[in-house]
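# Task: produce atomic coordinates for the following.
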Amino acid sequence: MADEFDPEKFEDKYAHYFNELQRAYKNAFNQMNDRYDSELIHGIDQTVLNESEPFYEDGEFRVELPENPRERIRGAVAVDDETFEETLEEYVERIESELYRTLGVDRPE
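Numbering: from 1, shown residues only. Down below sits the predicted model:
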């Protein structure tokens, strides 16, 4: 685990926090895979989240998704738009929660 979290170092996150980032994404994946259709979770992981980017700004983590996430999975996994959007939203929330937990940062109130 990282020493005390340093927001400035997070700007070069892959050099300073690579293992923690991997762990946060993997933990979120495992949680989602236990609760939802594994084909959908694998599809989101491989076609959308593989190009997502975590950021830390103004005391908060956020995950930025690539453009057109719905189009990226279309054809790879059969899923209706509503299910996809709800699942992706929860997945991103879990990643963000895992970033706080893994990096030892308190969530803002």
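
# check which helix or strand covers the spatially most central residue of the chain.
The C-alpha lying nearest the average C-alpha coordinate of the chain belongs to residue 95 (CA atoms, centre = their mean; 3.7 Å). Following DSSP states H and E, one finds residue 95 within helix 81-103.

# Can you give me the neighbour number for the residue lying closest to the residue nearest to the centre of the chain once chain neighbours are set aside?
Closest residue to residue 95 apart from its sequence neighbours, by CB to CB, 6 or more residues apart in numbering: residue 28 at 4.4 Å. (Each C-beta comes from the backbone N, C-alpha and C, glycine too.) Neighbour count for residue 28, taken as other CB atoms under 10 Å: 25.

# I'd say residue 28 and residue 91 touch.
Yes: counting by CB atoms under 8 Å, residue 91 is a contact partner of residue 28 at 6.5 Å.

# Mind jotting down where the strands sit in the chain?
Here the chain has its strands, by DSSP state E, at 53-57, 60-64.
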